[in-house]
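Visitor: Below are the sequence and a predicted model; questions follow.
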Amino acid sequence: MPDAPLLYIDVDGVLNPADPYPADGFRRHELLGYEVLLSPVHGEWLRELSGTYRLCWATTWQESANEHLAPLLGLPELPVVGVNRYVRQPGDPRTRLAELFSGFKWAPILRHAAGRPFAWIDDVIPPRLVRNSLLRPDRLLIPVDPHQGLERHHVDRLLRRPPRAFRRPRH
């Protein structure tokens, strides 16, 4: 699906909830020296979303998400947005200092999307970015409660309103 919108997926707080005792169905895994909680249901939901979106990792797990997480979730190898070694580049959006640390993924996501429609699910999306994206049909930003992680209503929202190409009105 080359024309499908992109879906940027975070791991910690989204697929790996912060609550040490999440709802039933999560399995504990020891990965890279960390205990990670993963649910097979999340893998099912992501495979469902792959019928509408081109899935991409946007996580500090970087390439390790493909190596360690994708097999446990039943996912193929996905493109990875480089967020760990982010260096501000000319043309990146200006960011308030307070948002710099919570929204450090924004510029790499915009750069990777390169004008294509996209959605982003993460537990740390600055509220200002969410508000601003409401005016853009080509963007859908979905903040997730880090203690609960990804829930079915997030998936339903992504399926109900996939981002579409943004056409600026002509004057």
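Guide: Sure, I can see it. Numbering: from 1, shown residues only.

Visitor: Only C-alpha atoms from now on, for both contacts and neighbour counts.
Guide: OK.

Visitor: Pull the residues that contact the helix or strand hosting Glu44.
Guide: Taking DSSP states H and E as the definition, one finds Glu44 inside helix 40-49. Contact with helix 40-49 is made by 15, 25-26, 55, 72-75, 150, 152, 155, 158-159, as judged by Cα atoms under 8 Å, 6 or more residues apart in numbering.

Visitor: what's the answer for stretch 157-166, then?
Guide: With Cα under 8 Å, 6+ apart, stretch 157-166 has contacts from Pro5, Leu49, Thr52, Arg116, Pro117, Phe118, Ala119, Arg136, Pro137, Asp138, Arg139, Leu140.

Visitor: tell me, how many neighbours does the fourth one end up with?
Guide: Spelled out, it's Arg116. By the criterion of other Cα atoms under 10 Å, Arg116 has 18 neighbours.

Visitor: Ok, the first one next?
Guide: Taking other Cα under 10 Å as the criterion, the count of residues near Pro5 is 23.

Visitor: Need phi/psi at it.
Guide: Main-chain torsions, Pro5, degrees, to the nearest 10: phi -70, psi 160.

Visitor: Distance of it relative to Ile142?
Guide: As judged by Cα to Cα, to the nearest Å, Pro5 and Ile142 stand 15 Å apart.

Visitor: before we move on, back to that, kindly export the helix holding Glu44 (C-alpha atoms) in PDB.
Guide: Provided in PDB are the C-alpha atoms of helix 40-49 (Å, rounded to 0.1, in the frame of the first residue of the first chain):
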ATOM      1  CA  PRO A  40      -0.600 -10.500  21.900                       C
ATOM      2  CA  VAL A  41      -3.800  -8.400  21.500                       C
ATOM      3  CA  HIS A  42      -1.600  -5.500  20.600                       C
ATOM      4  CA  GLY A  43       0.000  -7.500  17.800                       C
ATOM      5  CA  GLU A  44      -3.500  -8.400  16.500                       C
ATOM      6  CA  TRP A  45      -4.500  -4.800  16.600                       C
ATOM      7  CA  LEU A  46      -1.300  -3.600  14.800                       C
ATOM      8  CA  ARG A  47      -1.800  -6.300  12.100                       C
ATOM      9  CA  GLU A  48      -5.400  -5.000  11.700                       C
ATOM     10  CA  LEU A  49      -4.100  -1.400  11.400                       C
END
